[in-house]
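**Q** Build me a model:
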Amino acid sequence: MNRNLFILFALISFSCGKYANFTLPPPDAAGPKGPFHWEAAAEPILSKGDLSDVLNPSVVRFQGEYLNYYSGYDGHTWSTELAASSDGIHWTKRGQIRSPDAGNGSALVRGDRVMYWYQTGFPVQIALDGSIVLKTGPRGSWDERGVADPYVIERNGELYLYYLGMDRARRQRLGVARSRDGVVWEKLISNPIMELGAPGAFDEMGLGEPAVWSSGGWYWMLYTGRARGEKRRIRLAKSTDGVHWSRESLIIEGDQAWDKEVICDPTVEVVPDGVRVWFGGGDVARPDWGLHGQIGVGMLR
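**A** Residues are numbered from 1 along each chain as shown. Down below sits the predicted model:
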(Lines give C-alpha, C1' and ligand atoms only; values in the text may rest on other atoms or scores of the structure.)
Protein backbone atom coordinates (compact mmCIF):
# COMPACT_ATOMS: atom_id res chain seq x y z
CA MET A 1 0.00 0.00 0.00
CA ASN A 2 1.50 3.39 -0.95
CA ARG A 3 1.94 6.09 1.68
CA ASN A 4 -1.02 8.26 0.63
CA LEU A 5 -3.41 5.31 0.62
CA PHE A 6 -2.10 4.24 4.03
CA ILE A 7 -2.77 7.71 5.49
CA LEU A 8 -6.26 7.73 3.95
CA PHE A 9 -7.00 4.29 5.41
CA ALA A 10 -5.72 5.37 8.82
CA LEU A 11 -7.89 8.47 8.84
CA ILE A 12 -11.01 6.49 7.97
CA SER A 13 -10.29 3.61 10.34
CA PHE A 14 -8.96 5.32 13.46
CA SER A 15 -10.31 8.85 13.55
CA CYS A 16 -13.62 8.05 15.32
CA GLY A 17 -15.74 9.71 12.68
CA LYS A 18 -13.79 13.00 12.62
CA TYR A 19 -13.19 12.89 8.86
CA ALA A 20 -15.77 12.92 6.07
CA ASN A 21 -16.20 13.53 2.37
CA PHE A 22 -18.46 16.52 1.69
CA THR A 23 -19.07 19.65 -0.33
CA LEU A 24 -21.02 22.76 0.61
CA PRO A 25 -24.62 23.41 -0.52
CA PRO A 26 -25.08 25.33 -3.79
CA PRO A 27 -23.95 28.96 -3.50
CA ASP A 28 -26.35 31.90 -3.43
CA ALA A 29 -27.41 33.10 -6.88
CA ALA A 30 -28.04 36.67 -5.72
CA GLY A 31 -25.46 39.26 -4.80
CA PRO A 32 -22.11 40.45 -6.17
CA LYS A 33 -20.63 38.07 -8.72
CA GLY A 34 -17.48 39.69 -10.07
CA PRO A 35 -15.22 40.41 -11.72
CA PHE A 36 -14.21 42.56 -8.78
CA HIS A 37 -11.91 45.53 -8.44
CA TRP A 38 -10.40 46.76 -5.18
CA GLU A 39 -10.74 50.12 -3.45
CA ALA A 40 -9.37 50.85 0.03
CA ALA A 41 -9.46 53.72 2.47
CA ALA A 42 -6.08 55.44 2.66
CA GLU A 43 -5.84 55.49 6.45
CA PRO A 44 -6.30 52.71 9.01
CA ILE A 45 -9.62 52.70 10.85
CA LEU A 46 -8.30 51.01 14.00
CA SER A 47 -4.87 51.99 15.26
CA LYS A 48 -2.59 50.01 17.54
CA GLY A 49 -2.54 52.57 20.33
CA ASP A 50 -0.34 51.30 23.17
CA LEU A 51 -0.03 47.82 21.61
CA SER A 52 2.70 46.61 19.30
CA ASP A 53 0.20 45.33 16.73
CA VAL A 54 -3.53 45.09 16.10
CA LEU A 55 -4.44 42.60 13.37
CA ASN A 56 -6.89 39.80 12.50
CA PRO A 57 -10.23 41.62 12.52
CA SER A 58 -13.39 39.51 12.63
CA VAL A 59 -16.43 41.73 12.17
CA VAL A 60 -20.09 40.81 12.71
CA ARG A 61 -23.31 42.77 13.01
CA PHE A 62 -25.13 42.02 16.27
CA GLN A 63 -28.02 43.76 18.03
CA GLY A 64 -27.83 46.86 15.89
CA GLU A 65 -24.08 47.47 15.92
CA TYR A 66 -20.88 46.14 14.42
CA LEU A 67 -18.58 44.18 16.70
CA ASN A 68 -14.92 43.68 15.82
CA TYR A 69 -13.13 40.79 17.54
CA TYR A 70 -9.51 41.57 16.70
CA SER A 71 -6.09 40.43 17.87
CA GLY A 72 -3.76 42.61 19.90
CA TYR A 73 -0.08 41.97 20.63
CA ASP A 74 1.51 43.72 23.62
CA GLY A 75 5.10 42.66 22.93
CA HIS A 76 4.74 39.40 24.89
CA THR A 77 1.46 37.68 24.08
CA TRP A 78 -1.61 37.82 21.86
CA SER A 79 -5.08 38.56 23.17
CA THR A 80 -8.54 39.07 21.70
CA GLU A 81 -9.76 42.65 21.89
CA LEU A 82 -13.26 43.98 21.18
CA ALA A 83 -14.37 47.20 19.47
CA ALA A 84 -17.85 48.43 18.49
CA SER A 85 -19.14 50.69 15.72
CA SER A 86 -22.39 51.98 14.28
CA ASP A 87 -21.06 52.06 10.70
CA GLY A 88 -18.08 49.69 10.53
CA ILE A 89 -15.71 52.63 10.04
CA HIS A 90 -15.55 54.54 13.32
CA TRP A 91 -14.69 52.24 16.21
CA THR A 92 -14.76 52.47 19.99
CA LYS A 93 -12.46 50.06 21.77
CA ARG A 94 -14.13 48.06 24.55
CA GLY A 95 -11.08 46.28 25.86
CA GLN A 96 -9.67 42.80 26.14
CA ILE A 97 -12.05 39.84 26.22
CA ARG A 98 -9.70 36.83 26.09
CA SER A 99 -6.03 36.41 27.03
CA PRO A 100 -3.31 35.22 27.01
CA ASP A 101 -2.41 33.37 23.81
CA ALA A 102 -5.86 33.72 22.27
CA GLY A 103 -6.48 35.48 18.99
CA ASN A 104 -6.68 35.33 15.22
CA GLY A 105 -10.29 34.20 15.53
CA SER A 106 -13.60 34.08 13.73
CA ALA A 107 -16.88 35.46 15.07
CA LEU A 108 -20.30 34.32 13.85
CA VAL A 109 -23.77 35.36 14.95
CA ARG A 110 -25.93 32.28 15.55
CA GLY A 111 -29.31 32.82 17.13
CA ASP A 112 -29.04 35.17 20.08
CA ARG A 113 -25.28 34.83 20.63
CA VAL A 114 -21.94 35.54 19.04
CA MET A 115 -19.79 32.44 18.74
CA TYR A 116 -16.04 33.05 18.57
CA TRP A 117 -13.46 30.45 17.52
CA TYR A 118 -9.79 31.34 18.01
CA GLN A 119 -6.35 29.82 17.87
CA THR A 120 -4.34 29.02 20.98
CA GLY A 121 -1.68 26.77 22.48
CA PHE A 122 1.40 24.93 21.26
CA PRO A 123 1.01 23.22 18.90
CA VAL A 124 -1.54 25.82 17.85
CA GLN A 125 -5.13 24.50 17.72
CA ILE A 126 -8.61 26.04 17.46
CA ALA A 127 -10.77 26.67 20.52
CA LEU A 128 -14.28 27.80 21.43
CA ASP A 129 -15.22 29.03 24.92
CA GLY A 130 -11.94 27.85 26.41
CA SER A 131 -11.98 24.31 24.97
CA ILE A 132 -10.10 22.93 21.97
CA VAL A 133 -12.59 21.95 19.28
CA LEU A 134 -10.33 21.42 16.23
CA LYS A 135 -7.12 19.53 16.91
CA THR A 136 -4.04 18.84 14.87
CA GLY A 137 -4.11 15.83 12.58
CA PRO A 138 -2.43 12.44 13.03
CA ARG A 139 1.25 11.78 12.38
CA GLY A 140 2.15 12.34 8.75
CA SER A 141 -0.93 14.41 7.96
CA TRP A 142 -0.96 17.81 6.28
CA ASP A 143 -2.00 19.54 9.56
CA GLU A 144 -0.11 17.51 12.18
CA ARG A 145 1.92 20.50 13.45
CA GLY A 146 -0.79 23.14 13.69
CA VAL A 147 -4.33 24.24 12.86
CA ALA A 148 -5.01 27.97 12.90
CA ASP A 149 -6.67 30.98 11.22
CA PRO A 150 -10.30 29.82 11.56
CA TYR A 151 -13.04 31.40 9.44
CA VAL A 152 -16.56 30.05 10.01
CA ILE A 153 -19.63 30.42 7.79
CA GLU A 154 -23.11 28.92 8.10
CA ARG A 155 -24.93 27.26 5.21
CA ASN A 156 -28.32 25.52 5.49
CA GLY A 157 -27.96 25.09 9.24
CA GLU A 158 -24.44 23.61 9.13
CA LEU A 159 -21.18 25.34 9.98
CA TYR A 160 -18.09 25.23 7.79
CA LEU A 161 -14.69 26.18 9.17
CA TYR A 162 -11.89 27.15 6.80
CA TYR A 163 -8.45 27.01 8.36
CA LEU A 164 -4.69 26.86 7.94
CA GLY A 165 -2.93 23.55 8.48
CA MET A 166 0.83 23.11 8.93
CA ASP A 167 2.78 19.89 8.36
CA ARG A 168 6.16 18.78 9.69
CA ALA A 169 7.90 20.54 6.79
CA ARG A 170 6.16 23.76 7.99
CA ARG A 171 4.15 24.02 4.79
CA GLN A 172 1.01 26.07 5.44
CA ARG A 173 -2.03 25.23 3.31
CA LEU A 174 -5.80 25.56 3.59
CA GLY A 175 -8.50 23.08 4.57
CA VAL A 176 -12.14 22.92 5.66
CA ALA A 177 -14.20 21.16 8.34
CA ARG A 178 -17.94 21.01 9.06
CA SER A 179 -20.10 20.87 12.17
CA ARG A 180 -23.70 21.15 13.32
CA ASP A 181 -22.97 22.76 16.68
CA GLY A 182 -19.54 24.41 16.31
CA VAL A 183 -18.02 22.02 18.85
CA VAL A 184 -17.76 18.63 17.11
CA TRP A 185 -16.08 18.98 13.72
CA GLU A 186 -15.43 16.64 10.79
CA LYS A 187 -12.43 17.51 8.65
CA LEU A 188 -12.69 17.04 4.90
CA ILE A 189 -10.86 13.81 4.18
CA SER A 190 -9.33 15.19 0.95
CA ASN A 191 -7.80 18.28 2.63
CA PRO A 192 -5.90 20.43 1.85
CA ILE A 193 -8.21 22.34 -0.48
CA MET A 194 -5.57 24.85 -1.62
CA GLU A 195 -1.89 24.18 -2.22
CA LEU A 196 1.14 26.46 -2.18
CA GLY A 197 1.80 28.69 -5.16
CA ALA A 198 4.48 27.88 -7.71
CA PRO A 199 8.10 28.96 -7.10
CA GLY A 200 8.27 32.73 -7.41
CA ALA A 201 4.54 33.20 -6.75
CA PHE A 202 3.28 35.58 -4.08
CA ASP A 203 2.04 32.59 -2.03
CA GLU A 204 4.93 30.16 -2.52
CA MET A 205 5.86 30.22 1.18
CA GLY A 206 2.42 29.71 2.69
CA LEU A 207 -1.32 30.27 2.59
CA GLY A 208 -3.47 31.39 5.49
CA GLU A 209 -6.26 33.56 6.88
CA PRO A 210 -9.09 32.54 4.54
CA ALA A 211 -12.32 34.59 4.40
CA VAL A 212 -15.21 32.91 2.56
CA TRP A 213 -18.62 34.09 1.38
CA SER A 214 -21.31 33.11 -1.14
CA SER A 215 -22.81 35.42 -3.78
CA GLY A 216 -23.50 35.64 -7.50
CA GLY A 217 -23.55 31.87 -8.02
CA TRP A 218 -20.09 31.26 -6.51
CA TYR A 219 -18.26 30.73 -3.29
CA TRP A 220 -15.51 33.32 -3.00
CA MET A 221 -12.41 33.31 -0.85
CA LEU A 222 -9.87 35.94 0.07
CA TYR A 223 -6.70 34.43 1.51
CA THR A 224 -3.28 35.67 2.57
CA GLY A 225 -0.19 34.54 0.71
CA ARG A 226 3.39 34.66 2.01
CA ALA A 227 6.20 35.39 -0.43
CA ARG A 228 9.91 34.99 0.11
CA GLY A 229 11.05 37.78 2.36
CA GLU A 230 7.67 37.57 4.20
CA LYS A 231 5.89 40.22 2.16
CA ARG A 232 2.20 39.30 2.39
CA ARG A 233 -0.71 40.02 0.06
CA ILE A 234 -4.29 38.85 -0.40
CA ARG A 235 -5.65 36.92 -3.39
CA LEU A 236 -9.16 36.10 -4.58
CA ALA A 237 -10.28 32.56 -5.40
CA LYS A 238 -13.66 31.07 -6.35
CA SER A 239 -15.47 27.73 -6.18
CA THR A 240 -18.80 26.17 -7.10
CA ASP A 241 -18.87 23.83 -4.09
CA GLY A 242 -16.67 25.37 -1.39
CA VAL A 243 -14.10 22.59 -1.72
CA HIS A 244 -12.56 22.81 -5.20
CA TRP A 245 -11.02 26.25 -5.68
CA SER A 246 -9.43 28.16 -8.54
CA ARG A 247 -7.33 31.27 -8.12
CA GLU A 248 -8.55 34.52 -9.67
CA SER A 249 -6.20 37.12 -11.11
CA LEU A 250 -6.97 39.75 -8.45
CA ILE A 251 -4.13 40.18 -5.93
CA ILE A 252 -4.51 42.92 -3.32
CA GLU A 253 -1.45 44.63 -1.92
CA GLY A 254 -0.96 47.63 0.32
CA ASP A 255 -0.30 50.94 -1.42
CA GLN A 256 0.01 53.22 1.61
CA ALA A 257 2.95 53.77 3.94
CA TRP A 258 1.23 51.94 6.83
CA ASP A 259 0.44 48.71 4.86
CA LYS A 260 3.13 48.69 2.19
CA GLU A 261 4.77 45.43 3.31
CA VAL A 262 1.88 43.39 4.68
CA ILE A 263 -1.81 43.19 3.89
CA CYS A 264 -3.53 40.20 5.45
CA ASP A 265 -6.32 38.86 7.70
CA PRO A 266 -9.46 39.63 5.66
CA THR A 267 -13.00 39.45 7.06
CA VAL A 268 -15.98 40.25 4.84
CA GLU A 269 -19.52 41.58 4.71
CA VAL A 270 -21.68 41.32 1.57
CA VAL A 271 -23.44 44.64 0.96
CA PRO A 272 -25.67 45.82 -1.94
CA ASP A 273 -22.85 47.45 -3.91
CA GLY A 274 -20.13 44.87 -3.31
CA VAL A 275 -18.20 43.18 -0.53
CA ARG A 276 -16.77 45.18 2.35
CA VAL A 277 -13.43 43.88 3.59
CA TRP A 278 -11.69 44.66 6.86
CA PHE A 279 -8.02 43.67 6.90
CA GLY A 280 -4.74 43.93 8.76
CA GLY A 281 -1.75 45.82 7.44
CA GLY A 282 1.82 46.61 8.41
CA ASP A 283 4.93 48.40 7.20
CA VAL A 284 7.40 45.67 8.22
CA ALA A 285 7.56 42.32 6.38
CA ARG A 286 7.28 39.72 9.12
CA PRO A 287 5.04 36.64 9.45
CA ASP A 288 3.73 37.15 12.97
CA TRP A 289 4.26 40.31 15.07
CA GLY A 290 6.28 43.51 15.03
CA LEU A 291 4.59 44.67 11.82
CA HIS A 292 3.32 47.93 13.36
CA GLY A 293 0.00 46.28 12.56
CA GLN A 294 -3.18 48.31 12.14
CA ILE A 295 -6.62 47.56 10.69
CA GLY A 296 -8.02 49.02 7.48
CA VAL A 297 -11.12 48.70 5.33
CA GLY A 298 -11.76 48.38 1.61
CA MET A 299 -14.36 47.28 -0.94
CA LEU A 300 -14.58 44.72 -3.69
CA ARG A 301 -16.86 46.28 -6.28
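**Q** low pLDDT regions in the stretch 201-301 of the chain?
**A** Low-confidence segments of the stretch 201-301 of the chain (pLDDT under 70): none present.
**Q** how does it look with 90?
**A** Residues of the stretch 201-301 of the chain meeting the criterion pLDDT under 90: 287-288.
**Q** What segments of it are strands?
**A** Per DSSP state E, counting those that start in this stretch, the stretch 201-301 of the chain carries strands over the ranges 206-215, 218-226, 232-239, 245-252, 262-271, 274-282, 294-300.
**Q** how near is Tyr223 to Ser239?
**A** Noted for Tyr223: a distance of 12 Å to Ser239, by CB to CB, to the nearest Å. All C-beta spots, glycine's among them, are computed from the backbone N, C-alpha and C.
**Q** Between those two, point out the one with more neighbours.
**A** Tyr223 (26 against 20; other CB atoms under 10 Å).
**Q** which one is that one nearest to, not counting chain neighbours?
**A** What sits nearest to Tyr223 in space, not counting adjacent residues and going by CB to CB, 6 or more residues apart in numbering, is Pro210, at 4.6 Å.
**Q** now Thr23
**A** Asp241 (3.9 Å).
**Q** That neighbour: what's it in contact with?
**A** Counting by CB atoms under 8 Å, 6 or more residues apart in numbering, Asp241 makes contact with 23-24, 219.
**Q** quick one on the thing from earlier: how close does the residue nearest to Tyr223 get to Gly175?
**A** Noted for Pro210: a distance of 9 Å to Gly175, by CB to CB.
**Q** quick one, which of the strands of the stretch 201-301 of the chain is nearest to Ile193?
**A** Among these, strand 245-252 comes nearest to Ile193, with 6.0 Å by CB to CB.
**Q** what angle separates the closest one from strand 262-271?
**A** Counting by axes from the mean of the first three to the mean of the last three CA atoms, to 10 degrees, strand 245-252 lies at 110 degrees to strand 262-271.
**Q** partner strands of strand 245-252, parallel or antiparallel?
**A** strand 232-239 (antiparallel) (DSSP bridges).
**Q** Quick one: residues in contact with the strand it pairs with.
**A** Outside of strand 232-239, the residues within contact range by CB under 8 Å, 6+ apart are 34, 36, 194, 202-203, 218-227, 245-248, 250-254, 261-264, 266, 279, 285, 287, 300.
**Q** one step back: give me the common contacts of Pro210 and Gly175.
**A** Each of 162-164 lies in contact with both Pro210 and Gly175 under the rule CB under 8 Å, 6+ apart.
**Q** All the helices of the stretch 101-250 of the chain, residue numbers only.
**A** With DSSP state H, counting those that start in this stretch, there are no helices along the stretch 101-250 of the chain.
**Q** wait, is Ser71 part of a strand?
**A** Yes - read with DSSP: H, G, I helix; E, B strand; the rest coil, Ser71 is one of the residues of a strand.
**Q** Quick check: bridge partners of it?
**A** Judged by DSSP bridges, the bridge partners of Ser71 are Leu55, Thr80.
**Q** I'd assumed Val54 was in contact with it.
**A** Yes - with contact defined as CB atoms under 8 Å, Ser71 counts as touching Val54 (7.0 Å).
**Q** what do those two both touch?
**A** Glu81.
**Q** Tell me where the model's unsure across the stretch 1-150 of the chain.
**A** Applying pLDDT under 90 to the stretch 1-150 of the chain flags residues 1-17.
**Q** circling back to that earlier point, any of the contacts of strand 232-239 buried? List them.
**A** 34, 36, 194, 202-203, 218-227, 245, 247-248, 250-254, 261-264, 266, 279, 300 (16 or more other CB atoms under 10 Å).
**Q** distance of Met194 from Ser246?
**A** 10 Å.
**Q** what do you get for Tyr163?
**A** 20 Å.
**Q** Trp185: neighbouring residues, count only.
**A** Applying other CB under 10 Å, I find that Trp185 has 25 neighbouring residues.
**Q** can you pull the pLDDT of it?
**A** Trp185 carries a pLDDT value of 98.
**Q** What is the burial count for Met166?
**A** Neighbour count for Met166, taken as other CB under 10 Å: 22.
**Q** what's it in contact with, if anything?
**A** 143, 145-148, 172.
**Q** which residues does it bridge with?
**A** Beta bridges link Met166 to Gly146, Gln172, judged by DSSP bridges.
**Q** Please shift the residue numbers so they start at 359 in all later answers.
**A** OK, 359 is where the count begins now, so the last one is Met524.
**Q** Can you give me the distance of it to Lys589?
**A** Met524 sits 20 Å away from Lys589, taking CB to CB as the criterion.
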